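Asker: A predicted structure for the sequence below; I have some questions about it.
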Amino acid sequence: MFAGGSYLYADSIKFLQIDLKKEIGSTTWVYIQKGFQKADSLQVSGIILNMNTYGGTVVHADSIRTTILNSDIPVYAFIDNNAASAGALIAIACDSIYMRKGANIGAATVVNQTGEQMPDKYQSYMRATIRSTAEAHGHDTVFVNGKPELKWRRDPVIAEAMVDERVIVPNVIDSGRVLTFTTEEAIKHGYCEGTADDIDDIIRNRLHIDRYGIIVYKPSRIDEVLGWLTSPGVQAVLIMIIVLGIYYELRTPGIGIPSIGTLIAAILYFAPLYIEGLAANWEILVFVSGMILLAVEIFIIPGFGIAGIGGIILMFGALILALLNNVDFDFGDVPVSHANRAVLTVVAGLGLGFVLMIYLAYRVGQNGFLQKMALSKEEKVSEGYIAVSVKEMNLIGHTGVAGTILRPSGKVIIDNEYYDAVAMYGYIDKGSPIKVVKYEQAQLYVIQIN
């Protein structure tokens with residue numbers, strides 16, 4: 001849609017407006033990417049970020065500022081009210097910054113979700129990131145008293161002071177406070193090109209353009225969904241579901257709810273990443289190959305060996321690779337922070353999966369999650385319920401051998417006949433001697449004997 005400016009004649013200059021008026025996160029990152037792609041296709045003369053944000057996640061702010069710094073199209077920031085924390089980093093990356101009177105920029109200290117300041121290693125990364133962002137705008141060499149000095153367009157030390165209260169900038173801020181600029185202070189110290197009432201004011205009176213049109217980029221519902229699905233928290237939960245599905249499929253082989261859950265979680269994990277261009281075809285094929293190897297281990301090859309281990313390694317390797325913006329096997333342009341985020345997301349999902357796995361294992365048969373999903377009525381033989389032949393009931397006390405590996409379910413051989421059975425404790429290898437100790441709900445339960 002078009003807004004502001006004069007009628008869009010053929011020779012009018014076009015600008016694309018993207019609103020950043022919410023928390024910086026995965027959703028914001030998705031529609032910033034889409035917006036910049038739209039700007040390229042429309043061949044606009046400039047991109048204007050209409051900003052009013054208190055910040056968000058560092059990793060997504062870092063991705064946005066990298067996109068801005070690498071853009072061939074000039075990017076202007078209009079700070080409508082606030083550009084705090086991650087918002088300050090994004091604004092500093094822009095070619096020019098304009099602020100409404102009474103607006104603020106700064107306070108970029110890294111904090112957790114409760115507002116508590118994170119340890120210094122996080123602050124160190126943010127200091128380096130915001131300093132390099134300021135340095136990217138370059139400097140001039142001036143001579144003072146005959147000696148050359150660097151005059152930065154945006155002083156990187158001032159940028160650091162927005163993160164660390166220990167940074168002292170003479171005549172700007174003393175130690176003990178994190179730096180935040182008002183509009184007038186930002187202009188004075190080179191962090192704002194001037195005041196503006198709105199975006200039209202920037203184009204007409206700051207850029208001195210009369211014939212122009214503003215195209216307002218509006219993120220779609222799909223952008224919102226993709227952003228939600230690619231957030232680290234949701235990705236960790238999807239990985240957790242994949243882990244639980246694999247675990248319960250190993251315990252009870254067969255195509256059931258665990259398999260379906262794993263498949264759906266894998267689709268929801270990879271589809272948004274594929275659409276966004278992160279997950280390549282070969283990375284998805286690596287994951288599928290891992291699933292095939294695991295299926296071979298479950299349904300064809302007794303035991304748990306090379307196929308199963310190889311399948312799990314391929315699957316979780318693919319989960320990590322899909323999060324990285326690499327080209328084939330070239331990871332040279334992947335920032336360390338993005339690689340760390342990918343590993344932490346997958347490890348978090350694995351950790352959640354194992355914790356929930358242990359919890360549910362202890363809740364089986366109790367008045368918990370699994371019990372609520374199962375029938376609570378037990379049809380006891382003593383009450384007259386007979387659903388199957390009583391032949392298997394008479395096998396209690398009989399001995400035989402494991403016809404397949406029991407992990408814990410499988411087949412046993414008793415008197416040269418095969419029966420389905422479940423190991424009472426752990427796994428039982430194929431060929432091991434067994435004894436039937438219980439028959440319950442049409443199922444033989446066995447133990448290994450010496």
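Answerer: Received it, and whenever you're ready, just let me know what you need.
Asker: From now on I want contacts and neighbour counts done on CA atoms only, so please keep to that.
Answerer: Noted.
Asker: Which parts of the stretch 251-400 of the chain are helices?
Answerer: 257-275, 281-299, 306-321, 336-363, 369-373 (DSSP state H, counting those that start in this stretch).
Asker: ok, the residue nearest to N450 when sequence neighbours are not counted - contacts?
Answerer: Once flanking residues are discounted, N450 sits nearest to P433: 6.9 Å by CA to CA, 6 or more residues apart in numbering. By CA atoms under 8 Å, 6 or more residues apart in numbering, P433 lies in contact with 399-402, 448-450.
Asker: Just want the phi and psi numbers for P433.
Answerer: Here is the backbone geometry of P433 (degrees, to the nearest 10): phi -70, psi 140.
Asker: now do K101
Answerer: phi -60, psi 130.
Asker: can you count the residues close to it?
Answerer: 16 (other CA atoms under 10 Å).
Asker: same question, D210
Answerer: Neighbour number of D210 under other CA under 10 Å is 14.
Asker: Residues in a beta bridge with I48, which ones?
Answerer: Q17, Y76 (DSSP bridges).
Asker: circling back: dump the contacts of P433 into JSON lines; add neighbour count as well.
Answerer: Output for these, formatted as JSON lines (neighbours: other CA atoms under 10 Å):
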{"residue": "T399", "neighbour count": "20"}
{"residue": "G400", "neighbour count": "21"}
{"residue": "V401", "neighbour count": "22"}
{"residue": "A402", "neighbour count": "26"}
{"residue": "Q448", "neighbour count": "20"}
{"residue": "I449", "neighbour count": "11"}
{"residue": "N450", "neighbour count": "6"}
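Asker: In strands, which of the residues you listed fall?
Answerer: Among the contacts of P433, the subset assigned to strands under DSSP state E consists of 399-402, 448.
Asker: mind putting those residues in CSV, pLDDT and distance to A339 included?
Answerer: Shown next, in CSV, are the ones in strands among the contacts of P433 (pLDDT from 0 to 100; distance: CA to CA, whole Å):
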residue, pLDDT, distance to A339
T399, 92, 54
G400, 93, 53
V401, 93, 50
A402, 91, 46
Q448, 91, 46
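Asker: Next, the contact list for the residue nearest to M291 when sequence neighbours are not counted, please.
Answerer: Excluding its sequence neighbours, the residue lying closest to M291 (CA to CA, 6+ apart) is G311, at 6.0 Å. Residues near G311 by CA under 8 Å, 6+ apart: 289-294.
Asker: Please repeat the previous calculation with a cut-off of 7 Å.
Answerer: By CA atoms under 7 Å, 6 or more residues apart in numbering, the residues touching G311 are 290-291, 293-294.
Asker: most surrounded residue in those residues?
Answerer: L294 (27 neighbours).
Asker: Check the gap between that one and G245 for me.
Answerer: Noted for L294: a distance of 12 Å to G245, by CA to CA, to the nearest Å.
Asker: quick one on the thing from earlier: looking at the ones in strands among the contacts of P433, which is nearest P219?
Answerer: A402 (59.7 Å; CA to CA).
Asker: Return the set of residues that bridge with the closest one.
Answerer: Applying DSSP bridges, one finds that A402 bridges with V412.
Asker: Is it correct that it is in contact with Y427?
Answerer: No. With contact defined as CA atoms under 7 Å, A402 does not reach Y427; the gap is 10.6 Å.
Asker: K22: neighbour count?
Answerer: Neighbour number of K22 under other CA under 10 Å is 15.
Asker: give me every residue that touches it.
Answerer: T53.
Asker: Which pLDDT value belongs to it?
Answerer: K22 is assigned 86 on the pLDDT scale.
Asker: what about it, distance to Q117?
Answerer: 21 Å.
Asker: repeat for K14
Answerer: From K14 over to Q117 (counting by CA to CA), the distance is 42 Å.
Asker: and the closest residue to F270 other than its chain neighbours, what is it in contact with?
Answerer: Nearest residue to F270, sequence neighbours excluded (CA to CA, 6+ apart): A279, at 6.7 Å. A279 is in contact with 270, 273, 322-323, counting by CA under 7 Å, 6+ apart.
Asker: which one of those residues is nearest I214?
Answerer: L273 (30.5 Å).
Asker: Grab the nearest non-local neighbour of the closest one.
Answerer: Nearest to L273 is A279, by CA to CA, 6+ apart, at 5.1 Å.
Asker: what comes up buried for stretch 157-172?
Answerer: By neighbour count on 16 or more other CA atoms under 10 Å, the buried set for stretch 157-172 is 157-165, 167-168.
Asker: Having no further points to raise, I will conclude here.
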